[in-house]
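Engineer: Have a look at this fold, sequence not included:
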Ligand code: UDX
């Protein structure tokens, strides 16, 4: 089977590298020549554990993987063409911007030379794959292709593992022929007995949005319960543990924090709400999840300022800038949003992040970067744990507080033991603890 992946962002690059690992000849295409040249030099444009090793293996050893700047060439003899281009939020309405998907669908249709599957793997609103089919039919007769929906469920920071050991593979097809080809494609996962959910195209598209939206709902829910815990003297970590042991609830995505960020949840929740609006369906639950999450940043920032009596000219330390650990991705990073508001109030922000400082500084010149967490904490009135990087769990907090007393620390991710920190002399504030 020859595969072509169009778009070499997080989804496309991981998908291409992993399909090569499955043993398939795979071409990844991008119109950004610089990015293609970087990839051909085995340089990954973003930090993702394990990607460079996979690129090196399949670019240089097995030679199953290649990168191309030419879509036409790469489509001609493909058996399956994956659309993995970005579908960012439109600024105002929150709708998904599908212009890249349409452009790529049109270019594919102009270059299909033999029967192939055209697969939407980008996160696309229900109805998109059928629209891709209409675009292709403008240039290609129906016998020469089929469209399929095959959403991904990759988490940044663990994307390769999520691809290789998924909880399930979802395929949305219109006929047995395309279903059989997709099942053949994912046969390497049969070893792990990975369930394949074969359904209609529309159901497949809804599964993706409904899954991300439900995870986001769990997060907003636990964050609201965390607020209640702070008022009634309960501990959100014990509450989440007591809830999560119930298999109907599950323990994942019940960690209280500053709200969900990243390149997916915020945009997917808003896009799903828009889909419901267009179909006159009441999505008031998800709308509440979305607006609570949007408001969480100012809620957390107000708490930091009031509890620590931070004033203009003071210095605060933000540890962690990426939207989550094990990535350098700062898109919709709650840490950076909080740092921005503090800086707008005249507070100096010293910061440290193991991977994301270069990306963060590019868009936030006010940040004062430090070489390590200890340097970032020096002469600060407040320390904020914004992202739960493991290295922050291992910090020598005794060294950090030194002779100071009552140094405020806001553990937004509850990575520390409140009792231990209070004994060290910190004025400790957890989230829901
Ligand atoms: C998510 C989905 O998990 C993945 O299946 C989908 O394919 C893409 O979107 P990702 O955005 O990479 O993956 O990160 P994820 O680990 O899901 O975290 C998303 C946000 O939720 C982060 O800001 C994280 O800090 C936050 N989060 C996550 C919580 O606040 N609490 C939790 O318990 C889990």
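Structural biologist: Sure thing, it's come through. Note that this is a predicted model, so its numbers are computed, not measured. Numbering: from 1, shown residues only.
Engineer: And the protein, what are its domain boundaries?
Structural biologist: Using automatic domain parsing, the domains assigned to the chain come out as 2-199, 200-433.
Engineer: Please tabulate those in JSON lines, including the columns mean neighbour count and mean pLDDT.
Structural biologist: In short, each C-beta sits where N, CA and C put it, glycine included. Converted to JSON lines, the domains of the chain look like this (neighbours: other Cβ atoms under 10 Å; pLDDT from 0 to 100):
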{"stretch": "domain 2-199", "mean neighbour count": "19", "mean pLDDT": "95"}
{"stretch": "domain 200-433", "mean neighbour count": "18", "mean pLDDT": "97"}
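Engineer: distance between stretch 75-93 and the chain's centre?
Structural biologist: Relative to its parent chain, stretch 75-93 has a centroid offset of 17 Å by Cα atoms, centre = their mean, to the nearest Å.
Engineer: so residue 3 touches residue 28, yeah?
Structural biologist: No: Residue 3 lies out of contact with residue 28 (Cβ atoms under 8 Å); the separation is 9.1 Å.
Engineer: which residues are common contacts for the two?
Structural biologist: Here residue 3 and residue 28 have residue 16 as joint contacts, going by Cβ atoms under 8 Å, 6 or more residues apart in numbering.
Engineer: Throw the domains of the chain into CSV and include distance to the ligand, thanks.
Structural biologist: Below are those laid out as CSV (distance: least, Cβ to the nearest ligand atom, whole Å):
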stretch, distance to the ligand
domain 2-199, 4
domain 200-433, 3
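Engineer: what sits against the closest residue to residue 137 other than its chain neighbours?
Structural biologist: In space, not counting the residues next to it along the chain, residue 137 is nearest to residue 109; the distance is 7.9 Å by Cβ to Cβ, 6 or more residues apart in numbering. Applying Cβ under 8 Å, 6+ apart to residue 109 gives the contacts 135-140.
Engineer: State the phi and psi torsions of residue 82.
Structural biologist: The phi/psi pair for residue 82 (degrees, to the nearest 10) reads phi -100, psi 130.
Engineer: surely it meets residue 18?
Structural biologist: No: counting by Cβ under 8 Å, residue 18 is not a contact partner of residue 82; they are 11.6 Å apart.
Engineer: ok, for residue 27, nearest residue in space, not its chain neighbours?
Structural biologist: In space, residue 27 is closest to residue 74, 4.5 Å off (Cβ to Cβ, 6+ apart).
Engineer: Next up, the contacts around the one you found.
Structural biologist: Counting by Cβ under 8 Å, 6+ apart, residue 74 has contacts 4, 6, 27, 29, 68.
Engineer: As TSV, these with secondary structure would be great.
Structural biologist: Below are the contacts of residue 74 laid out as TSV (DSSP: H, G, I helix; E, B strand; the rest coil):
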residue	secondary structure
4	strand
6	strand
27	strand
29	strand
68	strand
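Engineer: Residue 19 sits in which helix or strand?
Structural biologist: helix 10-21 (DSSP states H and E).
Engineer: hang on, I meant residue 45
Structural biologist: Assignment of secondary structure by DSSP H and E places residue 45 within no helix or strand.
Engineer: doesn't residue 38 make contact with it?
Structural biologist: Yes: with contact defined as Cβ under 8 Å, residue 45 counts as touching residue 38 (5.9 Å).
Engineer: can you give me the offset of stretch 68-81 from its chain's centre?
Structural biologist: Relative to its chain's centre, stretch 68-81 lies at 27 Å (Cα atoms, centre = their mean).
Engineer: ok, now stretch 386-398?
Structural biologist: The chain centroid and the centroid of stretch 386-398 are separated by 22 Å, computed with Cα atoms, centre = their mean.
Engineer: do stretch 390-403 as well
Structural biologist: Averaging C-alpha positions (Cα atoms, centre = their mean) puts stretch 390-403 29 Å from its chain's average.
Engineer: Residues in contact with that stretch: which ones?
Structural biologist: In contact with stretch 390-403 (Cβ under 8 Å, 6+ apart) are residues 319-320, 325, 354, 373-374, 377, 383, 385, 407, 415-416, 420-421, 424-426.
Engineer: same deal with stretch 320-331?
Structural biologist: Stretch 320-331 is contacted from outside by 10, 46-49, 156-158, 261-263, 332-336, 339, 351, 353, 355-360, 363, 367, 385-390, 392, 413, using Cβ under 8 Å, 6+ apart.
Engineer: Please apply the same query to stretch 333-345.
Structural biologist: Here stretch 333-345 has contacts from 257-259, 261, 296-298, 300-301, 304-305, 310, 312, 316, 318, 320-323, 330, 349, 351, 353, 356, 360, 363-364, 366-367, 384, 386-387, 412, using Cβ under 8 Å, 6+ apart.
Engineer: among those residues, which are in strands?
Structural biologist: If you go by DSSP state E, those have 316, 318, 349, 351, 384 in strands.
Engineer: so the last one makes contact with residue 413?
Structural biologist: No: applying Cβ under 8 Å as the test, residue 384 and residue 413 come out as separate, 10.1 Å apart.
Engineer: returning to that earlier point: could you list the residues in contact with the helix holding residue 19?
Structural biologist: Applying Cβ under 8 Å, 6+ apart, the contact partners of helix 10-21 are 3, 5-6, 8, 26-28, 30, 39, 44-46, 48, 51, 54-55, 57-58, 62, 64-65, 82, 84-85, 121-122, 152, 154, 156, 159-160, 163-164, 185, 263, 329.
Engineer: Then stretch 29-43?
Structural biologist: If you take Cβ under 8 Å, 6+ apart as the criterion, stretch 29-43 is touched by 4-8, 12-13, 28, 44-45, 52, 55-56, 59-60, 66-71, 74.
Engineer: okay, how far is it across that stretch, tip to tip?
Structural biologist: End-to-end distance of stretch 29-43: 15 Å, with Cα to Cα, to the nearest Å as the criterion.
Engineer: Residue 126 - nearest residue in space that isn't next to it in sequence?
Structural biologist: Leaving aside its chain neighbours, residue 126 sits nearest to residue 205 (4.2 Å; criterion: Cβ to Cβ, 6+ apart).
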